[in-house]
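Participant: Below is the structure, and that's it, no one-letter string:
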């Protein structure tokens, strides 16, 4: 089979190539029909993600496809349409996964949408609902709103009755965000954007701030959280891991909470299953739907990775083997 193999870590993708590889073996063998690109996929080619697989490895966190073979007690059978993934292996013709890493595709989603839903919506749900305790009528500020996890957070928060303020650092994305994310407002999150938040909320600020960016965005976001609110730390796309003096959340009465959605599901399997069921129910009811920016063949993987690195994506980019 063909697979996108990381043979060595490199800052410029020079250690990554499409190669022939042996078909994997495992509990459930899936013919990959679509695999979505996530920012950790890019970081892993550079050795900058918290999970650091030893090269060589096949890149790709998540996919959707059809079951080819399955062990008798797996709960799956040949022909089942499934979605899921692990930390590697999805950018290939075939992937073998444990049954616990898979679920059937919700009714109404195609392979590309299913591949785009998993990690982004799981992260958004764990952050906003499980950890953030989101309630209808609350105000949510979503940074990185044009990215996969950001757009999923906008979609989910809106579906659950929140007021959504979508934030981006690029003015050229405002129109697209207004069309795709359908938030209550869009702001540019550079400089002192607290004033914009205060104006939009009549000074009440935000109950939840969803931050996959870090750096300067985090620093200013500490001024945007309402008393009793939560600043949800998703990641550090900006490249700078910020610091905070603990007197700030003390005086302002808010919490800073780290979100590791995958680890959350591994440590609390019953809660993880509940999250997956809730997301599937929302998707089946057409209350949420992932936005696929574009679909590219796997042999155009470099174009996809460059678009991810440059932030030239609205939602998710999907690769098809």
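Facilitator: Okay, I see it. Every value quoted in this text rests on a predicted model; they were computed, and no experiment measured them.

Participant: contacts, neighbours, all on C-alpha from now
Facilitator: Fine.

Participant: At which residues are the helices of the stretch 101-250 of the chain located?
Facilitator: Counting by DSSP state H, counting those that start in this stretch, the stretch 101-250 of the chain forms helices over residues 111-125, 148-159, 174-180, 194-200, 215-221, 247-252, given from the N-terminal end onward.

Participant: Quick one: closest of these to residue 31.
Facilitator: Between residue 31 and the helices of the stretch 101-250 of the chain, the shortest gap by C-alpha to C-alpha is with helix 111-125, which sits at 11.4 Å.

Participant: Nearest to residue 94, out of the helices of the stretch 101-250 of the chain?
Facilitator: Among these, helix 111-125 comes nearest to residue 94, with 14.2 Å by C-alpha to C-alpha.

Participant: tilt between that closest one and helix 148-159?
Facilitator: Helix 111-125 runs at 70 degrees relative to helix 148-159, counting by axes from the mean of the first three to the mean of the last three C-alpha atoms, to 10 degrees.

Participant: now helix 111-125, how far from the centre of its chain.
Facilitator: Here helix 111-125 shows a centroid-to-chain-centroid distance of 7 Å under the convention C-alpha atoms, centre = their mean, to the nearest Å.

Participant: Roughly how far does residue 225 sit from residue 147?
Facilitator: Computed with C-alpha to C-alpha, to the nearest Å, the distance linking residue 225 and residue 147 is 22 Å.

Participant: neighbour count winner among those two?
Facilitator: Neighbours around residue 225 and residue 147, counted as other C-alpha atoms under 10 Å, are more numerous at residue 225. The numbers are 28 against 25.

Participant: Let me see the contact set for the nearest residue to the more buried one once chain neighbours are set aside.
Facilitator: Using C-alpha to C-alpha, 6 or more residues apart in numbering and skipping the chain neighbours, the partner closest in space to residue 225 is residue 206 (4.9 Å). Residues in contact with residue 206 (C-alpha atoms under 8 Å, 6 or more residues apart in numbering) are 138, 139, 140, 141, 197, 224, 225, 226, 229.

Participant: tell me the pLDDT at residue 206?
Facilitator: Predicted confidence (pLDDT) at residue 206: the value is 98.

Participant: cool, residue 87 as well?
Facilitator: We note a pLDDT of 89 for residue 87 in this prediction.

Participant: That one is in what secondary structure piece?
Facilitator: In this structure, residue 87 is located outside every helix and strand according to DSSP states H and E.

Participant: ok, it - how many residues close by?
Facilitator: 17.
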